[in-house]
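A.B. asks: Sequence first, predicted coordinates after that:
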Amino acid sequence: MKVHELYGKEFVLSYEIFPPKTPQGEINLRAALGELAAYRPGFISVTYGAGGSTRDKTLELALRIRGEFGIMPLVHFTCVGANRTEIERYIAEVKSRGLTNILALRGDPPQGETRFVPPADGFSYASELVSFIRAINGFSIGVAGYPEKHLEAASLDADIDNLKRKVDAGANFIITQLFYNNNDFYEFMNRIRRKGINLPVVPGIMPVTNRANIEKVTTMCGAKIPGELAQRLAACGNVDSVCDVGIEYSVEQCRELKSWGVPGMHFYILNKSQAVKRVIDALA
């Protein structure tokens, strides 16, 4: 089964996780997956560390998800730190393991660098990576969409032009960056449909669970906190109330998106289960 084939048949839940760095992180992730697997997600995506630093762990974790939980994995892959020969070798290994779903990304500049510099004989853009993987054949290829535009894009229109290049290169589905204002998503959808982009587009959701974390995440990705949510969070007197408000807001956001007709939701779970469990339970 391939990821893009899921959409249109039923509403699809999915999660994003990352390879843990410590033994305790492994334990925590296993517990989270055990709880979230009960909701029968269509797939779980596994991130790929900066500069390919978790390449082997990403593949290992994807195989564990399939073997232990019977859930289809979606393997992330970026242009960072790999030339064409290395990319071809890794994609061949992914294929040899029977994994057929890849999220193709340009990737962020390595830590400490402010500008993306492609490796020698590597790729500068995700569209080039998509085209390369498509030529290998046999994969369902996902790409990223940015309802509020990518941080480096000159404008939303320019960013959508870039998305169109990824689609034309052979992408099968789109997962968006996290966002908190549904109107931004609706406007994004209107614009990409006018551009002739008709692939499944899955909204990325991350419930707010603490102020420090959400400030860090939104700064990194460029997502904005709407005034209404900011006011509700500012009124919270402790960590627990921040989490409660964040989950309540996510429930409202997801209900509206589901009524609007999105084909699924992709939760950025940060290797934890409780907040997303509460959101899914409320939606059910």
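C.D. replies: Yes, it's here.
A.B. asks: Go through the worst-scoring helix or strand of the chain on mean pLDDT and flag the buried ones.
C.D. replies: One helix or strand of the chain scores below all others by mean pLDDT, DSSP states H and E: helix 211-221, with a mean of 86. Neighbour-count burial for helix 211-221, counted by 16 or more other C-beta atoms under 10 Å, picks out Ile214, Thr218, Cys221. All C-beta spots, glycine's among them, are computed from the backbone N, C-alpha and C.
A.B. asks: So the last one versus Ala282, what's the distance?
C.D. replies: With distances defined as C-beta to C-beta, to the nearest Å, the gap from Cys221 to Ala282 amounts to 25 Å.
A.B. asks: cool, the first one as well?
C.D. replies: Relative to Ala282, Ile214 is positioned 19 Å away (criterion: C-beta to C-beta).
A.B. asks: Kindly provide the whole-number mean pLDDT of stretch 246-265.
C.D. replies: Averaging pLDDT along stretch 246-265 yields 97.
A.B. asks: Can we start the residue count at 59 from this point?
C.D. replies: All right, first residue 59 from here; so that's stretch 304-323.
A.B. asks: What is the distance between it and the centre of its chain?
C.D. replies: In terms of C-alpha atoms, centre = their mean, to the nearest Å, the centre of stretch 304-323 is found 16 Å from the chain centre.
A.B. asks: Now tell me what touches that stretch from outside.
C.D. replies: Residues from elsewhere that reach stretch 304-323, judged by C-beta atoms under 8 Å, 6 or more residues apart in numbering: 64-66, 69-72, 100, 238, 240, 243-244, 258-261, 263-267, 272, 287, 290-291, 333, 336-337, 340-341.
A.B. asks: close enough to count as contact, His134 and Val104?
C.D. replies: Yes: His134 lies in contact with Val104 (C-beta atoms under 8 Å); the separation is 6.2 Å.
A.B. asks: Which residues are in contact with each of those two?
C.D. replies: Common neighbours of His134 and Val104 (C-beta under 8 Å, 6+ apart) are Thr116.
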